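In: Mind looking at a prediction? Sequence and model below.
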Protein chains: 2
Amino acid sequence: MTGNAYYGPDRHGPYELFNIGTLALEDGGELRDCRLAVATHGKLNAAKDNAILVPTWYSGTSKIIEQVYVGAGRALDPAKYFIVVVNQIGGGLSTSPHNAAGAASGAHFPKVRIGDDVRAQHRLLTETFGIDRLALVVGGSMGAQQTYEWAVRYPEMVLRAAPIAGTAKNTEHDFLFTETLVEAITTDPGFDGGDYATPDAVAAGLKRHAKLWTVMGWSTEFFRAGRYKAFGFDSMQAFVDGFMTGYFAPMDPNDLLAMAWKWQRGDVSRHAGGDLAAALGRITAKTFVMPISHDMFFAPEDCFVEQRLIAGSEYRPIHSIDGHLALFGTDADALAQIDAHLQALLATPV
Amino acid sequence: MTGNAYYGPDRHGPYELFNIGTLALEDGGELRDCRLAVATHGKLNAAKDNAILVPTWYSGTSKIIEQVYVGAGRALDPAKYFIVVVNQIGGGLSTSPHNAAGAASGAHFPKVRIGDDVRAQHRLLTETFGIDRLALVVGGSMGAQQTYEWAVRYPEMVLRAAPIAGTAKNTEHDFLFTETLVEAITTDPGFDGGDYATPDAVAAGLKRHAKLWTVMGWSTEFFRAGRYKAFGFDSMQAFVDGFMTGYFAPMDPNDLLAMAWKWQRGDVSRHAGGDLAAALGRITAKTFVMPISHDMFFAPEDCFVEQRLIAGSEYRPIHSIDGHLALFGTDADALAQIDAHLQALLATPV
């Protein structure tokens, strides 16, 4: 189950692997020699107060963050900030089912929660980089789940937080949507309980998974506007086959399932006995809640009710008919909106 | 493949079966001895000008129309109108894969289009009932597709039209959503290319199909509000298992697939060489376009752009966080809105 060439530095580099040792997991078990794949941009200053942490989303790696969000003149400007992009566990570059050794390999990979990622990132930042203050934590989708977890778990360390297109407590609707993604993969006979030889054996399941992403990841207005034509596809089916299916096809099914399980259960209220308001009440970071207007599963309204529970936070929605997958950077105007909000947030004294 | 007890008068009666003879189909082939299952309410007056036609939606029958929409004091009042509810071909009561004889049986059922249903209904109404004017055609979802088809195909016959939660030309997004429903069923090994013995053999596929309906049929706000609790379920999973899965489980998979194929291809622009504006320009019926605010696949905006192409039409959206499946009658306020609009439409001189 090792050696999937997709998850290498050729496609996703440069990044560095850090072994943070044994990570005890919230749902039991542990990851030995837990490796985090980390891409950094810019330099940590002497005061060590210019660090920005960016956790990654489902199926995404540090590469798309670099390509779409980091650059000179952008909010995430390496000339000003030390930007640390940490690939989530299970995402394929950090310790994941397909690259885990021994007892944690493949289908035997233990259950990892958002909180496990955040504790792993905390260990890395404090012990390896000597960072004890983050100017900003920002992430989209599962990156937003990790952003909320950071702000609730380590409030003294997070000065600003920008969860984009994600929630602090996953909704029941989103849980069920993700379950349909999971089942698209696991019901493929080629999946074989996770003991497939290569992702190719699960190609049909991965294609169904890609179709579900197509239905829910963009929006009805995206299709009405024929937005996929702007991506170079002349029909919806060509878009499904060439873009969506092509995107997911090389990925490891067990890796995707590890992330999906984690995504379904993102929930900061675990820090307060299930009381979401109490958990969000722990946040001291200046927080901009940034849903995407046409997001079909991290819906703006679901984000809005959480924003109202965070003291001093602001609701800063992004308008885009590209829906959730505007995160991919397909809509330049959405990126400009995100940048403007992040620049305003970074300019806010805390 | 016959004898599915679900599709009988015990659950869905009373209704009457009319044999309209051989129906030549738009995509080739024919249905011999095509039977339409018809429920009527009220009496046709001497002038034969008080008839209302109600076609049915995916998986729905004349029974839910009777239970939810027809009654004294309602817009569809049997004391005033002769209400004719015609079950769509493939819906299980009219000629459908599971009850078709010989060469059209089961997986061999021919492809039936919305236009085939409407021509069959036209033959029934004109030849059997002697009706040549309809005071109103009203239907939800696939019933709306048939309503549009009626208004475009037989403009001289349709005085008023009320397509609810449906479009005149199906969208690419909706086509793809429906494809995920289809694949949930066809990828079940028990489906066996349509040659299963009973729906039980396809239970797992039907359950996945029910989950997709749960994600798309209601809305994110439906789940945030815990609306399923009002239906007597204390968790989302109990709702999925008890309500959604239970609803679809007894249905015939080939019947569902026949309807899904038809739904995907609903398109009145076929009457004008693909020119939707020209096709909708043929409508002379006073038309109220009635999407549901939180519908995730027959989205209000998709309905709005069509409404603007219909002369003298009005945009009359229904507000309900129950989304598309508010059609089931789960939201009394949505029903009141629908009734008010239909009463206004019926009161409009034409």
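Out: Nice, thanks for sending it over. Numbering: from 1, shown residues only, chains lettered A, B, ... in the order given.

In: burial of residue A:253, as a residue count?
Out: Residue A:253 has 28 neighbours, counted by other CB atoms under 10 Å in any protein chain shown. For every residue, glycine as well, the C-beta is placed using N, CA and C.

In: wait, I meant residue A:133
Out: 15.

In: I'd like the distance from it to residue A:347, if you could.
Out: According to CB to CB, to the nearest Å, residue A:133 stands 17 Å off from residue A:347.

In: Ok, residue A:107 next?
Out: Applying CB to CB to residue A:107 and residue A:347 gives a distance of 47 Å.

In: again, but for residue A:239
Out: For residue A:239, the distance to residue A:347 - CB to CB - is 39 Å.

In: Name the residue in those two with the higher neighbour count.
Out: Remark: of residue A:239 and residue A:347, residue A:239 carries more neighbours, 24 against 8, as counted by other CB under 10 Å.

In: Quick one: residues contacting the more buried one.
Out: If you count contacts by CB atoms under 8 Å, 6 or more residues apart in numbering or on different chains, residue A:239 has them with A:214, A:228, A:231, A:233.

In: Could you look up the SS state of it?
Out: Using DSSP: H, G, I helix; E, B strand; the rest coil, the structure places residue A:239 in helix.

In: check contacts around residue A:328.
Out: Counting by CB under 8 Å, 6+ apart, residue A:328 has contacts A:64, A:68, A:322.

In: Residue A:121: which element?
Out: Assigned by DSSP states H and E, residue A:121 falls within helix A:114-123.

In: pLDDT (mean, whole number) over that helix?
Out: What helix A:114-123 shows for mean pLDDT is 98.

In: which of the residues in the helix or strand just after it are buried?
Out: Downstream of helix A:114-123, the first helix or strand assigned by DSSP H and E is strand A:136-140. By 16 or more other CB atoms under 10 Å in any protein chain shown, the buried positions in strand A:136-140 come out as A:136, A:137, A:138, A:139, A:140.

In: show me the contacts for residue A:223.
Out: For residue A:223, the contact set (CB under 8 Å, 6+ apart) comprises A:236, B:171, B:172, B:173.

In: can you tell me which of those lies nearest to residue A:244?
Out: Using CB to CB, residue A:236 comes nearest to residue A:244 of the contacts of residue A:223, at 10.2 Å.

In: Look through the stretch 1-150 of chain A and state the residue closest to chain B.
Out: Nearest residue of the stretch 1-150 of chain A to chain B: residue A:141, at 15.1 Å (CB to the nearest CB).

In: Quick check: residue A:292 touching residue A:335?
Out: No. Using CB atoms under 8 Å, residue A:292 makes no contact with residue A:335, being 11.5 Å away.

In: higher neighbour count, the two?
Out: Taking neighbours as other CB under 10 Å, residue A:292 and residue A:335 compare with residue A:292 leading, 31 against 19.

In: So what sits opposite the more buried one in the bridge?
Out: For residue A:292, the beta-bridge partners are residue A:318 (DSSP bridges).

In: related to what we said a few turns ago, who wins on neighbours among the contacts of residue A:328?
Out: residue A:322 (26 neighbours).

In: which residues of chain A fall in strands?
Out: A:16-19, A:23-24, A:30-31, A:35-41, A:51-55, A:82-86, A:136-140, A:160-164, A:286-289, A:314-315 (DSSP state E).

In: want to try a markdown table for those, with mean pLDDT as columns?
Out: Converted to a markdown table, these look like this (pLDDT from 0 to 100):
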| stretch | mean pLDDT |
| --- | --- |
| strand A:16-19 | 98 |
| strand A:23-24 | 98 |
| strand A:30-31 | 98 |
| strand A:35-41 | 98 |
| strand A:51-55 | 99 |
| strand A:82-86 | 98 |
| strand A:136-140 | 99 |
| strand A:160-164 | 99 |
| strand A:286-289 | 99 |
| strand A:314-315 | 98 |
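
In: Could you look over those and pick the most buried one?
Out: Comparing those by mean neighbour count (mean count of other CB atoms under 10 Å in any protein chain shown), strand A:136-140 comes out on top with a mean of 30.

In: got the residues of chain A near chain B?
Out: Within reach of chain B by CB under 8 Å from any CB of the partner chain, chain A has these residues: A:171-177, A:179-180, A:183, A:187-189, A:204, A:208, A:211-212, A:214-216, A:218-224, A:236, A:240, A:296-297, A:299, A:301-302, A:305.

In: Name only those of the residues you listed that count as buried.
Out: Buried positions within those, assessed by neighbour count (16+ other CB under 10 Å), are A:171-177, A:179-180, A:183, A:187-188, A:204, A:208, A:211-212, A:214-216, A:218-224, A:236, A:240, A:296-297, A:299, A:302.

In: Next step: the residues you listed restricted to helices.
Out: Among these, the ones falling in helices (DSSP state H) are A:172-177, A:179-180, A:183, A:204, A:208, A:211-212, A:214-216, A:220-224, A:236, A:302.

In: By proximity to chain B, which residue of the stretch 251-350 of chain A wins?
Out: Proximity to chain B, evaluated over the stretch 251-350 of chain A using CB to the nearest CB, is greatest for residue A:299 at 3.9 Å.

In: Pull the contacting residues for that residue.
Out: The contact partners of residue A:299, by CB under 8 Å, 6+ apart, come to A:171, A:173, A:291, B:220, B:221.

In: My guess is the third one contacts residue A:300. True?
Out: In this case it means residue A:291. Yes. The criterion here is CB under 8 Å, and residue A:291 meets it with residue A:300 at 4.1 Å.

In: higher neighbour count, these two?
Out: Ranked by neighbour count (other CB under 10 Å), residue A:291 and residue A:300 place residue A:291 first, with 26 against 20.

In: quick one: the helix holding residue A:121 to chain centroid distance?
Out: 13 Å (CA atoms, centre = their mean, to the nearest Å).

In: again, but for stretch A:87-99
Out: Distance, centroid of stretch A:87-99 to centroid of chain: 12 Å (CA atoms, centre = their mean).

In: So for it, what gets flagged as buried?
Out: Buried, per 16+ other CB under 10 Å, within stretch A:87-99: A:87-99.

In: got it, and stretch A:263-282?
Out: Buried, per 16+ other CB under 10 Å, within stretch A:263-282: A:263-271, A:276, A:279-280, A:282.
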